[in-house]
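Peer 1: Give me a 3D structure for the following:
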Amino acid sequence: MLINDALLRIASGELSRLIVQMPPRHGKSMLMSEYAPAWFIGSFGWHVILASYEANFAGSWGGKARQVIRQHGQELWGVNIRGRDQEKWWETTNGGGMLTAGVAGGVTGRGGRLLMVDDPVKNAEEANSFVIREKIWEWYRSVAYTRLEPNGVVILVMTRWHSDDLAGRILKEGDPDGKPWRHLDFPAIAL
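Peer 2: Purely as a prediction, here's the structure:
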């Protein structure tokens, strides 16, 4: 309910920065990287950039979102897949589309109304590496964030493995454009 409310607030323009943190295997990627992008693309024709810790993993979510539109797009939104039809880059008949990439990978030449970063680190071992955390932070600031279209939205969904991970840095440093972040924290065990 809280996540759905936040997504509706994003769609209405009330919210443009969202962090959702959950433990592994709690359905965050299915909701946020499969269904939410399909909804934003189908409903509003948004361009979505989806990044994850590895390009093929991000591409698999792009393929799943594409499949949602392929199966339900015409019925729900009057939208179909058009032109290039591959997991890592595809477009829809309403002008929307999706590009996927690995964190620290390139998204040169493409812009997005929605930047979705889903699990930028693979596991605790990577999260404990200062070098990897720095690489992700620099990629976010100098590559990914610069690809936002005007009035763009950033959603970060992840399992927190370290206090200085991407979510930790964003919460500490703030948004480069000064926009407020909504932070939803769902612990595995809530007391």
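Peer 1: shaky segments in this protein?
Peer 2: 25-27, 84-85, 87, 189-191 (pLDDT under 70).
Peer 1: quick one, strands of it?
Peer 2: According to DSSP state E, the chain carries its strands in the segments 17-21, 47-52, 81-85, 89-92, 97-102, 112-118, 148-158, 182-185.
Peer 1: Name the surrounding residues that touch the longest helix anywhere in the chain.
Peer 2: Identified as the longest helix of the chain according to DSSP state H is helix 55-77. For helix 55-77, the surrounding residues in contact (Cβ atoms under 8 Å, 6 or more residues apart in numbering) are 29, 33-35, 37-38, 41-43, 48, 50-52, 79-81, 85, 87-90, 92, 94, 98-102, 105, 118-119. Where you see a C-beta, it was placed from the backbone N, CA and C, and this is true even at glycine.
Peer 1: what number of residues lie near Ser129?
Peer 2: Using other Cβ atoms under 10 Å, Ser129 has 14 neighbouring residues.
Peer 1: any idea how far Ser163 is from it?
Peer 2: Applying Cβ to Cβ, to the nearest Å, the value for Ser129 to Ser163 is 14 Å.
Peer 1: try Pro187
Peer 2: To Ser163, Pro187 is 15 Å away according to Cβ to Cβ.
Peer 1: ditto for Lys88
Peer 2: Lys88 is 32 Å from Ser163, by Cβ to Cβ.
Peer 1: These two: who's more crowded?
Peer 2: Lys88 (18 against 11).
Peer 1: was I right about that one contacting Leu99?
Peer 2: Yes - if you go by Cβ atoms under 8 Å, Lys88 and Leu99 touch, sitting 7.0 Å apart.
Peer 1: Tell me what the most centrally placed residue in the chain is bridged to.
Peer 2: The centre of the chain sits closest to Met116, judged by Cα atoms, centre = their mean, with a distance of 1.3 Å. Beta-bridge partners for Met116, by DSSP bridges, are Leu50, Ile155.
Peer 1: How about the contacts made by it?
Peer 2: If a contact means Cβ under 8 Å, 6+ apart, then Met116 has Met32, Ser33, Ala36, Pro37, Val48, Ile49, Leu50, Ala51, Ile155, Val157 as its contacts.
Peer 1: Nearest to Tyr140, out of the strands of the chain?
Peer 2: Smallest distance to Tyr140 across these (Cβ to Cβ): 7.2 Å, for strand 112-118.
Peer 1: how many degrees apart are the closest one and helix 55-77 in direction?
Peer 2: For strand 112-118 against helix 55-77, the angle by axes from the mean of the first three to the mean of the last three Cα atoms, to 10 degrees is 130 degrees.
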